[in-house]
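Engineer: Quick one, what's the 3D model for this:
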Amino acid sequence: MAVTQLPPMALAAVCDDDGAAQGILRRQALRESAARTYARALPVVPVRARGMTVEGADGRRYLDCLSGAGALALGHNHPAVLDAIRAVLDAEAPLQVLDLATPVKDAFTDELFATLPPGLAARARVQFCGPAGTDAVEAALKLVRTATGRDGLLAFSGAYHGMTAGALAASGGAPSSGVTRLPFPYGYRCPFGVGGEHGAELSARWTEKLLDDPKGGVTDPAGMILEPVQGEGGVIPAPDGWLRRMRDITAARSIPLIADEVQTGVGRTGALWAVDHSGVVPDVMVLSKAIGGGLPLAVVVYREDLDVWPPGAHAGTFRGNQLAMAAGAATLAYVRENNLAERAATIGARMLDRLRQFATGHAWIGDVRGRGLMIGLELVAPDAGPAASGVNPGEGARRVGAQGGGVGAALGGGAWYAGATRTGASPADPALAAAVQQECLRRGLIVELGGRHSAVIRLLPPLTITDEQTEAVLDRLTDALDAAIRTAGTRSRELPPTAAPFAPPLAGDHR
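Structural biologist: Below is the predicted model of the structure:
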């Protein structure tokens, strides 16, 4: 089957011309909230989708590297997911049961626990939350505050945990008197100006010293929440050794460690859960997106000794979505049985290698980084001033560590932590990133923007991406980069109209 070929599919009431599609887009603009995001930069009206291919109402076909912000681990309409959904419908099973026990929920829980880090699965409890990841974050924060009797929270610069009040307060850039913001190890733009192993070590040391300082001003923390790979923050993988340090620091001080795996989970980073790379066993895991097989589902998994809240302490009308649980169980099983996490690691390494080779000589590409099929390219404006280190801005993308050994023996990063030795970088270029996104769309490729200034091109293809599709994605992306960079010196520095409504740093995944 060709890269963007769709099999024959019957779909009633589908418009099949560009005029009808433009009408739908006009009506959306008139009737929907000004808070909408993706629809502004991606004026596509999807009518059919299968695997990685999306067909618009105008007949154009696209390779989808957005995947519902990572929710579609198996791509669109995967047969395993559709079969699971049909089985529930054909059985006339209840679709919504609040928190009642059902065979569908039992099967989902079995599959979920079978994939968890063994150190957690052996003594875990699960709370089914509302339908979105932000609901699960809220539940996790409420859980640790109830269990510890403390109110403070440790979170990290550049983080994104959701759009509800508590989750947003824990996200980077949101002021909150109860949240202590800690430096996340961002090798390309190191907050300490040194990068690499030394920068990650300083981040860990800063955290440790601040917590032990009686005059540090830290509200007694109920927990620490972190993303093993910051997604919306710009695809920034935490070094494995740094994660282990965070685990040691929190364990020594009886602070529950919360791993937000909403986007990194279910094989996305090359392991079933991103914490598996480091061997860290968190006290709490927040899960959503792919665990519902593309349907709304969010859960919190945590140590049984934290399970001290009373009945009704956290609830949600749609926590009993049977279709999502069936789709999620099928997705988890398919990923596990077909070794898709391992394939994500292989394909991701291939994509990173080619993109880093392409970045050589392209000063506009400041950094190429990622883990598994969670990849980012940070675009910069080299003409706005030299890097603080005096290194060509494209140089960061060419510095690749050895796989497996990491940034250093102490803090382990790996080839996904390219540019780790940088001590400065050119300013981010969100206008160029927006232009690249539009050039990608013209070539039939859907990509997302992220990062502090919406200057990171993000790739989140489904784990089922084929070798042929991988090459097509890379061809289209590099061609789009070439086209946008060629005109970068002559265009206005202002954001184009399609990109202007994006509000950094939250350019994409609004849970």
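
Engineer: Verify the contact between residue 246 and residue 257 for me.
Structural biologist: Yes - using C-beta atoms under 8 Å, residue 246 is in contact with residue 257, at 6.7 Å. Yep, even glycine has a C-beta here, placed from its N, CA and C like the rest.

Engineer: which residues do those two both contact?
Structural biologist: 224, 226, 280 (C-beta atoms under 8 Å, 6 or more residues apart in numbering).

Engineer: which among those residues gets closest to residue 41?
Structural biologist: Of all those, residue 41 sits closest to residue 226, with 28.5 Å by C-beta to C-beta.

Engineer: For the closest one, list each beta-bridge partner.
Structural biologist: Per DSSP bridges, the residues bridged to residue 226 are residue 259.

Engineer: Next, the contact list for it, please.
Structural biologist: 155-156, 159, 184, 238, 243, 246, 257-260.

Engineer: Among those residues, show me the least confident.
Structural biologist: Among those, residue 159 has the lowest pLDDT, at 92.

Engineer: That one - nearest residue in space that isn't next to it in sequence?
Structural biologist: Closest residue in space to residue 159, ignoring its immediate chain neighbours: residue 172 at 4.8 Å, by C-beta to C-beta, 6 or more residues apart in numbering.

Engineer: That neighbour against residue 179, yeah?
Structural biologist: No - under the criterion of C-beta under 8 Å, residue 172 makes no contact with residue 179, lying 10.2 Å away.

Engineer: what residues are shared contacts of those two?
Structural biologist: The contact sets of residue 172 and residue 179 overlap at residue 155 (C-beta under 8 Å, 6+ apart).

Engineer: Pull the contacting residues for the nearest residue to residue 153 once chain neighbours are set aside.
Structural biologist: Leaving aside its sequence neighbours, residue 153 sits nearest to residue 179 (C-beta to C-beta, 6+ apart; 4.8 Å). Listed by C-beta under 8 Å, 6+ apart, the contact set of residue 179 reads 152-155, 169-170.

Engineer: Now secondary structure too, for those residues, in JSON lines please.
Structural biologist: Output for the contacts of residue 179, formatted as JSON lines (DSSP: H, G, I helix; E, B strand; the rest coil):
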{"residue": "152", "secondary structure": "strand"}
{"residue": "153", "secondary structure": "strand"}
{"residue": "154", "secondary structure": "strand"}
{"residue": "155", "secondary structure": "strand"}
{"residue": "169", "secondary structure": "helix"}
{"residue": "170", "secondary structure": "coil"}
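
Engineer: If you rank those residues by neighbours, which is first?
Structural biologist: For these, the largest neighbour count, defined by other C-beta atoms under 10 Å, is 29 neighbours, found at residue 170.

Engineer: want to try JSON lines for the contacts of residue 179, with distance to residue 365 as columns?
Structural biologist: Shown next, in JSON lines, are those (distance: C-beta to C-beta, whole Å):
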{"residue": "152", "distance to residue 365": "39"}
{"residue": "153", "distance to residue 365": "35"}
{"residue": "154", "distance to residue 365": "33"}
{"residue": "155", "distance to residue 365": "30"}
{"residue": "169", "distance to residue 365": "34"}
{"residue": "170", "distance to residue 365": "31"}
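
Engineer: Identify the farthest-apart pair in those.
Structural biologist: Longest span within those, C-beta to C-beta: 154 and 169, 12.4 Å.

Engineer: Could you dump the shared contacts of residue 246 and residue 257 into JSON lines and include distance to residue 429 and pLDDT?
Structural biologist: Supplementary listing: the shared contacts of residue 246 and residue 257 in JSON lines, determined by distance: C-beta to C-beta, whole Å; pLDDT from 0 to 100:
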{"residue": "224", "distance to residue 429": "33", "pLDDT": "98"}
{"residue": "226", "distance to residue 429": "28", "pLDDT": "97"}
{"residue": "280", "distance to residue 429": "35", "pLDDT": "97"}
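
Engineer: any idea which of the contacts of residue 179 is the one closest to residue 102?
Structural biologist: residue 170 (32.4 Å).

Engineer: so who does the residue nearest to residue 159 touch?
Structural biologist: 155-160, 181, 233, 505.

Engineer: of all the residues you listed, which comes closest to residue 105?
Structural biologist: Checking the contacts of residue 172 against residue 105 with C-beta to C-beta, the nearest one is residue 160 at 28.9 Å.

Engineer: For the helix or strand where residue 50 lies, C-alpha coordinates in PDB please.
Structural biologist: Element membership for residue 50 (DSSP states H and E) is strand 46-50. C-alpha atoms of strand 46-50 as PDB (Å, rounded to 0.1, in the frame of the first residue of the first chain):
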ATOM      1  CA  PRO A  46     -10.600  15.400   8.300                       C
ATOM      2  CA  VAL A  47     -13.200  13.000   7.000                       C
ATOM      3  CA  ARG A  48     -11.400   9.700   6.900                       C
ATOM      4  CA  ALA A  49      -8.300   8.200   8.600                       C
ATOM      5  CA  ARG A  50      -6.500   4.900   8.800                       C
END
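
Engineer: what lines up beside the next helix or strand after that strand in the sheet?
Structural biologist: Following strand 46-50 in sequence order, the next helix or strand is strand 53-56 (DSSP H and E). Under the criterion DSSP bridges, strand 53-56 sits next to strand 46-50 (antiparallel), strand 61-64 (antiparallel) in its sheet.

Engineer: Packing partners of the very next helix or strand once past the shortest one?
Structural biologist: What it means is strand 61-64. Once the chain leaves strand 61-64, the next helix or strand it forms, by DSSP H and E, is helix 67-70. Using 3 or more C-beta pairs under 8 Å, 6 or more residues apart in numbering; DSSP states H and E as the contact test, no helix or strand touches helix 67-70.

Engineer: Do you have the helices of the stretch 301-450 of the chain handy? List them.
Structural biologist: 322-337, 340-359, 430-442 (DSSP state H, counting those that start in this stretch).

Engineer: Which positions within the second one qualify as buried?
Structural biologist: Yep, that's helix 340-359 we're talking about. Neighbour-count burial for helix 340-359, counted by 16 or more other C-beta atoms under 10 Å, picks out 340-341, 343-345, 347-349, 351-352, 354-356, 358-359.
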